[in-house]
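# the following block contains a protein sequence and its predicted model.
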2 protein chains.
Amino acid sequence: MAKELKDLTKRSENYSQWYNELVVKADLAEQSAVRGCMVIKPYGYAIWEKMQRQLDDMFKETGHVNAYFPLLIPKSFLSREAEHVEGFAKECAVVTHYRLKNAADGSGVVVDPAARLEEELIIRPTSETIIWNTYKNWIHSYRDLPVLCNQWANVFRWEMRTRLFLRTAEFLWQEGHTAHATRQEAEEEAKRMLDVYADFAENYMGIPVVKGVKSANERFAGALDTYTIEAMMQDGKALQSGTSHFLGQNFAKAFDVQFVNKENQLEYVWATSWGVSTRLVGALIMTHSDDNGLVLPPRLAPIQVVIVPIYKNEEQLKQIDAKVAGIVARLKALGISVKYDNADNKRPGFKFADYELRGVPVRLVMGGRDLENGTMEVMRRDTLEKETRPCEGIEEYVRDLLDEIQANIHRKALDYRTSRVSTVDTYEEFKEKIEEGGFILAHWDGTTETEEKIKEETKATIRCIPYDSFVPGDKEPGRCMVTGKPSPCKVIFARAY
Amino acid sequence: MAKELKDLTKRSENYSQWYNELVVKADLAEQSAVRGCMVIKPYGYAIWEKMQRQLDDMFKETGHVNAYFPLLIPKSFLSREAEHVEGFAKECAVVTHYRLKNAADGSGVVVDPAARLEEELIIRPTSETIIWNTYKNWIHSYRDLPVLCNQWANVFRWEMRTRLFLRTAEFLWQEGHTAHATRQEAEEEAKRMLDVYADFAENYMGIPVVKGVKSANERFAGALDTYTIEAMMQDGKALQSGTSHFLGQNFAKAFDVQFVNKENQLEYVWATSWGVSTRLVGALIMTHSDDNGLVLPPRLAPIQVVIVPIYKNEEQLKQIDAKVAGIVARLKALGISVKYDNADNKRPGFKFADYELRGVPVRLVMGGRDLENGTMEVMRRDTLEKETRPCEGIEEYVRDLLDEIQANIHRKALDYRTSRVSTVDTYEEFKEKIEEGGFILAHWDGTTETEEKIKEETKATIRCIPYDSFVPGDKEPGRCMVTGKPSPCKVIFARAY
């Protein structure tokens, strides 16, 4: 086994280091020459492509279409919405010039001072402003509504501390931007898209998530309400995995987007926006993977099944090749992505460790004795359990096993989360518990002051006010653990990525 | 019929204006608030998505994988390859700062002078430099080769004169960047990808293209050879539609990418790059469309078949709805994308004109008499011919008709091109002919001086030296029409977009 595959730090030793090493060792991504920007390597990008394809289908099923808006935004657009500029101005990459020229001393190229822009442009940190400036021309009457656009794009936020996938200066994402005739329709849309995200997280990523509403303090800059799905990582920290915003009429007012309603009156348009990003790849890794490497949910694994031959000589390999060819064809016919790795420059042990590291859900091995007996060894990556099965009917067995693995890793993540949820009544208890990690349900008086005091003293934030009851009794009223003021229900606190 | 649908300028009146109007009226794209940047509207983006999906499949079939590299490139990277910087420095968007702040006078936000970058970053105009800087870490031995990566991305070139799709400051594209152990393998790769582009142009876009090699003057900045596919638009002008570059060892040397070959010697890596962009959408429009609007090849049309009911009353509509439902289901089962437009807020005449404008290849209409007779009216967009057909078996008829339309628009474009190709022997004749447009085959002495003299005097450029004989005798040697010096074969001249 290659040394690099073995020396992965254990989660129990240093979870954060385990993650950083795993992303690089499993060939998912790496740092680039540009501060805070990553290179997404082919294997990592293949996971993102599978996510994209599935999400895109789900967006289209719910009536959305894709479009593309400019990368650069005039600086002044940002100032139009007061909270929005407050939220993003401090992390904007700014384009000031449009030309380079040769340095007078021949040392290379320099910025041409003569090519200074009259108004600076910023690289989009998010596209509400440029999109609502465009919608102004698209929307005149209630007949033009709703507008249901999504965009797959790169965005840029100059983050000071970055980590591969979880927080990078440039990241890939999708951003939906919708326009509606009524407040109710916009609110429903924002919630519908959160449901789509939750569906995707639970059923494709195998990640249990809590749906809820953000506190005012944690809202998107410019939103009236932010809905969120919150996941729990294996170190008990929370990861915000997708958000959907009800923007009210804020952007319509900022960009003067009005429409004539059915009663022939001018009215401002109602808006939503919603997005998920390459951060989801980080969530995927952190939720399921183990000390041997990645564990990928079959529905998002670029390779679902790998087949490795073990052979003594060329002739035996030929016999195995012939036998495996039919199995590969039948697996493909079942819609399963399969790789037969009979490369002769790597030994089986190396291949085993490599595919374990890469999280391929099912491994099939055929050796000399299997060939005689008409069997194969089946290993499932999630539990590392092996068994020998007859080749006859192995394709259907593998198909069902993939479903079982998909269900099992979700169940495992859910069990873990359940074991890390607690309820507290006093702030003293809270301060103790929060050191252990996990989600803590507690009463809060609803004020930003109290929220910030808690954050400052414990590094915990309010992840959300859950839609549904999360633990028994959490929807009953009580008193804030800090101030003793009335509280309508408990909310979820956690330390977060 | 809505006025806006009717007043499309005729191609014969003003081809350029016809194009500009059509892009906007057919809802494909529009200018944005940012100079030279377009908004790609949902219908235009749907065409690009179909192109992407098909090209992506073709890249994967030829062994390529997708990855993602940073948007921003350190300025100094550009200077590493002398010709490359020469080619791109004058059109680079430059990021100089990473933060905005509130203006002291409260007038909005200004660039924070304290947040000036030590080294400026440019927005990628193409990614050879950042990618080869990355490949340096990926490639050490011949076992690491070939590297066959593709990237779907946005790029930025500060163009002075822009036109929707054809030339925009920001555009979407794919860029393949491959690394090889030998010169021969890299040259083969560059040619293979040109073949992929030609296959896509001919068989999906329905656009006949000439494959050939660029003259030194028209080569990509940093390439040893640029291969191109050249198409002819309906005004006789050429449109370069895709290029593939053999980069030699230029970028490997610039970024010091060496590998240990099988003989255990250090050697520089051989490279290719190749790309097509949203410009292809412009090529598609310009090649097939007519004075009634878009004509789309069925294989790239977002909607292949539209069905419109004509009815007297609600009851009749219900009967038509019921009848059409089965036809829609059967068309979908054949893999055909179909839209049934029974919206009651637009009249049939408006719908007809709208779908004609949008280039939907086949229109089916069912009226009261059709309902009685079990028939439908079939209209094909390419010829505007109508006929009445029995509903029985209409699905297979439509499927075959879509194939026939795909073939017909290619044939039509090919016939047009054939009619606009001429051969000349003297420069006098050339100067006359070039005013008429079209491709002109002529002898050229192979020098940049002569090429530039011709360009200056006639605005014509050498589009390519075709791979294969293009008109009888063009591969025979002769004498340059300008200088009388020897020439091995005729080359293609044209005025170009």
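Received the coordinates, thanks.

# can you tell me if stretch A:178-186 touches chain B.
No. Shown here: stretch A:178-186 not in contact with chain B (C-beta under 8 Å from any C-beta of the partner chain), separated by at least 12.5 Å. Just so you know, the C-beta spots here come from the backbone N, C-alpha and C atoms, and that holds for glycine as well.

# give me the residues contacting that stretch.
For stretch A:178-186, contacts defined as C-beta atoms under 8 Å, 6 or more residues apart in numbering or on different chains pick out A:64, A:135, A:139, A:142, A:145-149, A:189, A:246-248, A:252, A:257, A:259, A:261, A:267, A:269-273.

# please name the nearest non-neighbouring residue to A:Y19.
A:M286 (6.1 Å; C-beta to C-beta, 6 or more residues apart in numbering or on different chains).

# pLDDT of the helix or strand hosting that neighbour, averaged?
If you go by DSSP states H and E, A:M286 is part of helix A:279-288. For helix A:279-288, mean pLDDT is 98.

# cool, stretch A:319-338 as well?
97.

# quick one: distance of it to the chain centre.
32 Å (C-alpha atoms, centre = their mean, to the nearest Å).

# give me the contact status of that stretch with chain B.
No. Figure legend: stretch A:319-338 not in contact with chain B (C-beta under 8 Å from any C-beta); closest approach 11.8 Å.

# tell me who's in contact with the residue most central in space within chain A.
Relative to the mean C-alpha position of chain A, the nearest C-alpha, by C-alpha atoms, centre = their mean, is the one of A:L280, at 1.5 Å. Going by C-beta under 8 Å, 6+ apart, A:L280 touches A:51, A:205, A:241-242.

# filter these down to the ones near chain B?
Okay, of those, nothing touches chain B (C-beta under 8 Å from any C-beta).

# mind checking pLDDT for the nearest residue to A:V210 once chain neighbours are set aside?
Closest residue in space to A:V210, ignoring its immediate chain neighbours: A:E230 at 4.8 Å, by C-beta to C-beta, 6+ apart. We have a pLDDT of 98 for A:E230.

# and A:E230, that one's in a strand?
Yes. Under DSSP: H, G, I helix; E, B strand; the rest coil, A:E230 sits within a strand.

# enumerate the residues of the stretch 151-300 of chain A near chain B.
So the stretch 151-300 of chain A meets chain B at A:153-154, A:156, A:158, A:170, A:172 (C-beta under 8 Å from any C-beta).

# could I have stretch A:257-271 exported to CSV, CA atoms only?
This file holds the C-alpha atoms of stretch A:257-271, laid out as CSV (Å, rounded to 0.1, in the frame of the first residue of the first chain):
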residue,chain,number,x,y,z
VAL,A,257,-39.0,47.4,-10.6
GLN,A,258,-42.8,48.0,-10.7
PHE,A,259,-45.6,46.2,-12.5
VAL,A,260,-49.2,46.9,-13.3
ASN,A,261,-51.3,44.5,-11.3
LYS,A,262,-54.7,43.0,-12.3
GLU,A,263,-56.4,46.0,-10.7
ASN,A,264,-54.4,48.3,-13.0
GLN,A,265,-52.3,49.7,-10.2
LEU,A,266,-48.5,50.1,-10.1
GLU,A,267,-46.9,47.9,-7.4
TYR,A,268,-43.3,46.8,-6.5
VAL,A,269,-42.4,43.3,-7.4
TRP,A,270,-41.8,40.6,-4.7
ALA,A,271,-38.5,38.7,-4.8
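
# need the contact partners of it.
A:128, A:132, A:135-136, A:139-142, A:144-145, A:177-183, A:185-186, A:246-253.

# likewise stretch A:187-195?
For stretch A:187-195, using C-beta under 8 Å, 6+ apart, the contacting residues are A:62, A:146, A:148, A:176, A:178, A:180, A:211, A:225, A:227-229, A:242-246, A:272, A:274.

# mind checking how far that stretch is from the chain centre?
The answer for stretch A:187-195 is 18 Å, by C-alpha atoms, centre = their mean.

# likewise for stretch A:104-118?
With C-alpha atoms, centre = their mean, you get 40 Å for stretch A:104-118.

# can you tell me the average pLDDT over it?
For stretch A:104-118, the mean confidence score works out to 91.

# distance between the ends of it?
By C-alpha to C-alpha, to the nearest Å, the extent of stretch A:104-118 from end to end equals 25 Å.

# so which elements touch the helix or strand encompassing A:K323?
Using DSSP H and E, A:K323 sits in helix A:314-333. Contacts defined by 3 or more C-beta pairs under 8 Å, 6 or more residues apart in numbering or on different chains; DSSP states H and E place helix A:314-333 against strand A:305-309, strand A:338-340, strand A:362-366, helix A:368-373, helix A:394-419.

# could you check the second one and say which residues are buried?
Applying a neighbour-count criterion of 16 or more other C-beta atoms under 10 Å in any protein chain shown, the buried positions in strand A:338-340 are A:338, A:340.

# ok, residues contacting it?
So strand A:338-340 is contacted by A:303-307, A:309, A:324-325, A:328, A:331-332, A:360 (C-beta under 8 Å, 6+ apart).

# got the contact list for the residue lying closest to A:V362 once chain neighbours are set aside?
Sequence neighbours aside, A:V305 is the residue nearest to A:V362 in space, at 4.7 Å (criterion: C-beta to C-beta, 6+ apart). The contact partners of A:V305, taken as C-beta under 8 Å, 6+ apart, are A:331, A:336-339, A:360-364, A:398, A:402.

# low pLDDT regions in chain A?
Residues of chain A that meet the criterion pLDDT under 70 lie in A:1-6.

# tell me the domain ranges of it?
A:27-288, A:298-416, A:421-494 (automatic domain parsing).

# ok, which stretches of the stretch 151-300 of chain A are strands?
For the stretch 151-300 of chain A, applying DSSP state E, counting those that start in this stretch gives strands covering A:170-180, A:210-213, A:225-232, A:238-248, A:258-260, A:266-268, A:270-277.

# need those in CSV (columns: mean neighbour count and distance to A:T9).
Formatted as CSV, the strands of the stretch 151-300 of chain A follow (neighbours: other C-beta atoms under 10 Å in any protein chain shown; distance: least, C-beta to C-beta, whole Å):
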stretch, mean neighbour count, distance to A:T9
strand A:170-180, 23, 25
strand A:210-213, 21, 29
strand A:225-232, 25, 21
strand A:238-248, 25, 20
strand A:258-260, 17, 56
strand A:266-268, 13, 53
strand A:270-277, 25, 26
